[in-house]
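Peer 1: Fold the following, please.
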Amino acid sequence: MTTAWHRPPSRARTAWMPAHREHMELLLVSPHPGCSVGQLLSDWGHAVRHAPAVEQSGPLLQGVEGVLVVGTGSVLATEMARLRTAEMRPRPFLLALVAASAEQVPLEALLAAAVDDFLLMPFEPAQLQTRLEWLARRRRAGMQAPLEEPRSRGVHDRLSAIIQTQTDIANAGLELEKVMSLIAERAMRLCGASGTAVALAEGDELVYQVTHGNSMAHRGFRLKLAQSITGMSILRGEVLHTRDTEEDPRVNVAATRATGIRSMIIVPLHRIGSTVGAINVSYPEPNAYDDLDVRTLEMMGRLLGAALSNAAEFEAKQALVDKLAATLAALQQSQELFHSFMNHSPVLAYMKDEEGRQTWVNESFARFLQRDAESLRGVKDSELMPALAAARLRREDQALLATGQPLQSEQVVPAPDGTVHHWLNHKFILRDANGRRLIGAVSIDITARKHTEKALRRSEESFRALIEGMPEAIFAHREGNLLYINPAGLAFLDQRSVEELSGRSLLELIHPDDRGAAANVLEGSLERGPATMREVRFLRAGGQVMTAELSAMRLLFDGEPATVVSARNVTERKQMQARLLLADRLASVGTLAAGVAHEINNPLAFVLSNLGFLEEECQLLKDLLPEDRLRELEDVLRETKQGAERVRHIVRDLRTLSRDEGEQLSDVDVRAVIESSLGLVRNELRHRARLVKDFEPVPLVRASEGRLGQVLLNLLINAAQAVPDGLPGENEVRVRLRAISGRVVIEVRDTGCGIAPEVRDRIFDPFFTTKPVGTGTGLGLSICHGIVTAMGGDISVESEVGRGSTFRITLPIPRASSGTPEPKDAMPA
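Peer 2: Numbering: from 1, shown residues only. You can find the predicted model right below:
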């Protein structure tokens, strides 16, 4: 026989070692000498004896306080039977350590051997420690209890009743309410109790589900777990009992007195590793039960716990079955819904294997090919469509299989009747239950969309051609930034490309004084549709100002709202209006001049006639008057006659200026027109510059004598005003006339201040002037330009700041020209 005493080693207490423990003499019956249970007991400070089997324990049984037996199945039953026959004085408590599941515990053998408790291995060390302390205390309490005959039946009768209860539970099936009532009623009879109850935990409360005897009134009663000894048993998971409720501080004395209970046993109910409730029996007198009653109720509690576990497992399995059935039903419904959806969908859906054979197609696919869906299984594309289309689709399938990435493409696949259809294909990889790769695809008919896109492109091209061919400037802008400018807009702004204006605002291209009015037009278009036209001035790249009529409207541009602005160049129209206004004023001046000339001409004739008469009379009086006196009179008459002749020339020039010739052209002697104009400005030039005439013989030209004189008069006045007053010896105005290459050229040159380069290109613009405010209107040169160009000629300017300017007029010479007037020598005026 192998025995061993395990003394507690001198080492630190383990993590699970209780702070307060009672050392006991224990016998461990285990076939393994190095059993870990023995080491654990030694660590806790207990004196442990070891025996491989009960029959070898011998005298080791004497004097021990507890016997722990380790075993499974029939081996454990045999060992417990031997312990029952062994003589032990006094009798220790018996604790069986069962290495089996709850269904394999030999309850009959344990009950026959009067086992105090058992634990299922593996277990937590704290569970074993709790059991040892509880059994030791119960043993001491049992030794102090009065020795009297138990009220329950004998052990064998009780064992038979428990076995019968197991059979009845099996026959009751899984009706949990019936099983709980059966076990509660049997427990009350076997333990000789006056009442029994089964309480289940619900949250932080316990509910009495089944009651018998004097506990019947508590059926459905709810109580906080922490406020009763039954709840304490559930929370701790331990068997609790009280021999006298009046002396037990754990008991609610008021409640037990109200129900007439003096002693009770409470056994927790375990289900799948957790405590879910408790079963208790109660007695009306103290010390009314013994250890056999406790063990009997524990057995009944384990039967009820197993029933609860079976019911829970059945419910779980039933729920799983129901869930599986629901899943299968949902799957079937989903499949039916899927097939219904795909068959009613207008898209063509299909699946093919890696060889390109159809494995499934929807009804739309079959209708397109005018076939039955079942007849298409196993058919390749080459059997359904032209070879070229089938080859393209096969190349797509191979690319999809090679990369594994979803693929999208457009294909043209004709219908069996030859109608061309455009398809948008979406292809992807699928796997069936066997892991086989399949090609899944859906095809959308985009034929109508293609036709619409084609029509839209034609419309857009026509619209773009219309916009780009319009003579008006078109601008599109969004949030102040330019988006588009048509070619007319680039020419309007004197720009070469849109990139030069990229990112700029349209308002930046408008004259600062007109930006407020332009902003009103642009902002108004956003709310009230097309805006009222407004005239604003644009700034061209060269600094020129151009007047335009501005209008705007709100519409979609490139799919987003934008403002489209139209600008019509009205600069020439404004110039024409100014010319018409000036022409009207000049016509009024001409009418006035004609009237004045007529009124002056009549008395002037008398003056000249009388002056001639006086000259003749002076010749008759030369013998009568002194020579000096006569010479003085002749000088006065001669000067007076010269003045009158000058007045006559002025009147003649006024009549020439006022002559309304309309657009009728005639042969004009340019030299005579120049002389006439010089006569009008002679007094203006006298105090400013020397007049130099450089005339060459030229032929007659087809022109308007009055309008040509108007041009020359304007140029001569400008030349006189370009030189400073009071220095006639230092300044010069030269008028030159010559014929070059079939054209008559007239030049008016001055030595004045000149014209700056930045304004030289603008001097022929209407209302542009370099003279001080109140001196010029800015219309003279513009009118001159219009008159000369109307006669088929040209006018230009050459100027240098500080050195003077030269205005050059060229007029065409008619092919059949009349004779050339006699030239006059160039002479200073």
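Peer 1: going forward, measure contacts and count neighbours with C-alpha atoms only.
Peer 2: Fine.
Peer 1: wait, is residue 392 part of a strand?
Peer 2: No. Using DSSP: H, G, I helix; E, B strand; the rest coil, the secondary structure at residue 392 is helix, not a strand.
Peer 1: And the pLDDT for it?
Peer 2: Note for residue 392: predicted pLDDT of 89.
Peer 1: how near is residue 792 to residue 664?
Peer 2: Distance, residue 792 to residue 664, using Cα to Cα, to the nearest Å: 13 Å.
Peer 1: my bad, should have said residue 310
Peer 2: Per Cα to Cα, residue 310 is found 128 Å from residue 664.
Peer 1: Which one's more surrounded, these two?
Peer 2: A side-by-side neighbour count of residue 310 and residue 664, using other Cα atoms under 10 Å, places residue 310 first with 17 against 10.
Peer 1: wait, doesn't residue 226 sit right on residue 232?
Peer 2: Yes. Using Cα atoms under 8 Å as the test, residue 226 is close enough to residue 232 to be in contact (6.1 Å).
Peer 1: So the two - more neighbours on which side?
Peer 2: Neighbour totals were compared for residue 226 and residue 232, and residue 232 leads with 20 against 15 (other Cα under 10 Å).
Peer 1: Show the pLDDT at the more buried one.
Peer 2: Listed pLDDT for residue 232 reads 88.
Peer 1: after the helix or strand containing it, next one along is what?
Peer 2: According to DSSP states H and E, residue 232 maps onto helix 229-236. Next along the chain after helix 229-236, taking DSSP H and E as the criterion, comes strand 240-242.
Peer 1: How far off centre is the strand or helix carrying residue 714?
Peer 2: Using DSSP H and E, residue 714 falls within helix 705-722. Distance of helix 705-722 from its chain centroid, counting by Cα atoms, centre = their mean, to the nearest Å, is 71 Å.
Peer 1: Tell me the helix or strand right after the longest helix that the chain contains.
Peer 2: In the chain, with assignment by DSSP state H, the single longest helix is helix 291-344. Heading C-terminal from helix 291-344, the first helix or strand you meet, by DSSP H and E, is strand 348-352.
Peer 1: Break this protein into its domains for me.
Peer 2: With domains defined by automatic domain parsing, the chain comprises 4-144, 155-316, 345-451, 470-569, 665-829.
Peer 1: Next, format the ones you listed as a markdown table and append distance to residue 460.
Peer 2: Output for the domains of the chain, formatted as a markdown table (distance: least, Cα to Cα, whole Å):
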| stretch | distance to residue 460 |
| --- | --- |
| domain 4-144 | 84 |
| domain 155-316 | 69 |
| domain 345-451 | 14 |
| domain 470-569 | 11 |
| domain 665-829 | 40 |
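Peer 1: Go through those and pick out the most buried.
Peer 2: Among the domains of the chain, domain 155-316 has the highest mean neighbour count (mean count of other Cα atoms under 10 Å), at a mean of 19.
Peer 1: Which strands or helices does the helix holding residue 714 pack on?
Peer 2: helix 627-658, helix 670-686, strand 743-750, helix 780-790 (3 or more Cα pairs under 8 Å, 6 or more residues apart in numbering; DSSP states H and E).
Peer 1: Among these, which comes closest to residue 387?
Peer 2: Set against residue 387 and scored by Cα to Cα, those come closest in helix 780-790, at 73.8 Å.
Peer 1: Output the helix or strand following the closest one in CSV with nothing but the alpha carbons.
Peer 2: Elements were assigned by DSSP H and E; along the chain past helix 780-790, the next helix or strand is strand 794-800. Taking C-alpha atoms only, strand 794-800 is exported to CSV below (Å, rounded to 0.1, in the frame of the first residue of the first chain):
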residue,chain,number,x,y,z
ASP,A,794,-7.2,108.5,-97.4
ILE,A,795,-5.9,110.6,-94.6
SER,A,796,-3.0,109.8,-92.3
VAL,A,797,-0.6,111.5,-89.8
GLU,A,798,3.0,111.4,-89.0
SER,A,799,4.2,113.1,-85.8
GLU,A,800,7.0,113.4,-83.4
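Peer 1: Sheet partners, orientation included, of the next helix or strand after strand 794-800?
Peer 2: Counting by DSSP H and E, the next helix or strand C-terminal to strand 794-800 is strand 804-812. Strand pairing for strand 804-812, determined by DSSP bridges: strand 743-750 (antiparallel), strand 794-800 (antiparallel).
Peer 1: can you put the ones you listed in TSV and add distance to residue 419?
Peer 2: Shown next, in TSV, are these (distance: least, Cα to Cα, whole Å):
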stretch	distance to residue 419
strand 743-750	74
strand 794-800	69
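Peer 1: Comparing those by mean pLDDT, which bottoms out?
Peer 2: strand 794-800 (a mean of 89).
Peer 1: how far does that one sit from the chain's center?
Peer 2: Taking the mean of its C-alpha atoms, strand 794-800 sits 62 Å from the chain's own mean (Cα atoms, centre = their mean).
Peer 1: Next, the angle helix 780-790 makes with that strand.
Peer 2: Here the directions of strand 794-800 and helix 780-790 differ by 140 degrees (axes from the mean of the first three to the mean of the last three Cα atoms, to 10 degrees).
Peer 1: Show me the contact partners of strand 794-800.
Peer 2: 754-756, 785, 788-789, 805-811 (Cα atoms under 8 Å, 6 or more residues apart in numbering).
Peer 1: Determine which two of those residues are furthest apart.
Peer 2: 756 and 811 (26.9 Å).
Peer 1: just to revisit the earlier point, return the helix holding residue 714 as CSV; C-alpha atoms alone will do.
Peer 2: The C-alpha coordinates for helix 705-722 follow below in CSV (Å, rounded to 0.1, in the frame of the first residue of the first chain):
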residue,chain,number,x,y,z
GLU,A,705,-15.2,121.3,-103.4
GLY,A,706,-17.0,122.5,-100.3
ARG,A,707,-16.2,119.4,-98.2
LEU,A,708,-12.6,119.3,-99.4
GLY,A,709,-12.3,122.9,-98.3
GLN,A,710,-13.9,122.0,-94.9
VAL,A,711,-11.2,119.3,-94.4
LEU,A,712,-8.3,121.7,-95.4
LEU,A,713,-9.7,124.5,-93.2
ASN,A,714,-9.8,122.1,-90.2
LEU,A,715,-6.2,120.9,-90.8
LEU,A,716,-4.9,124.5,-91.2
ILE,A,717,-6.6,125.6,-88.0
ASN,A,718,-5.2,122.6,-86.1
ALA,A,719,-1.7,123.4,-87.5
ALA,A,720,-2.0,127.0,-86.4
GLN,A,721,-3.2,126.0,-82.9
ALA,A,722,-0.3,123.5,-82.6
